[in-house]
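>>> quick one, fold the following:
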Amino acid sequence: METTSLSGLAQRLAELRREHRELDAEIERCAANAADDLLVKRLKKRKLQLKDCIARLESMLIPDQPA
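Model (predicted):
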């Protein structure tokens, strides 16, 4: 993989992690304020999607091991 691709992936990974942390904080705020349950469910679903994307990108950054 190219260096620019790796740096792009690393940058995207950092963005997703930041968004994941922000969603976590937003979910906590909504839960503390007894906010709309549907909103909390949507935020949690988005957070899980981000977690999957993060895991996929992390696996792409790990170099292949020869058998």
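
>>> who's in contact with residue 30?
Residues in contact with residue 30 (C-beta atoms under 8 Å, 6 or more residues apart in numbering) are 36, 39, 40, 43. In short, each C-beta sits where N, CA and C put it, glycine included.

>>> now these: which count as buried?
Buried subset of the contacts of residue 30 (neighbour count, 16 or more other C-beta atoms under 10 Å): 40, 43.

>>> of the contacts of residue 30, closest to residue 6?
Of all the contacts of residue 30, residue 43 has the smallest distance to residue 6: 30.6 Å, by C-beta to C-beta.

>>> picking up where we left off before, turn the contacts of residue 30 into TSV, including secondary structure, distance to residue 52 and pLDDT.
Formatted as TSV, the contacts of residue 30 follow (DSSP: H, G, I helix; E, B strand; the rest coil; distance: C-beta to C-beta, whole Å; pLDDT from 0 to 100):
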residue	secondary structure	distance to residue 52	pLDDT
36	coil	24	84
39	helix	21	90
40	helix	19	91
43	helix	15	94
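
>>> so how far is the least confident helix or strand in the chain by mean pLDDT off the chain centroid?
Of all regular secondary-structure elements in the chain, judged by mean pLDDT, DSSP states H and E, the least confident is helix 3-32 with a mean of 89. Its chain's C-alpha centre and that of helix 3-32 lie 5 Å apart, by C-alpha atoms, centre = their mean, to the nearest Å.
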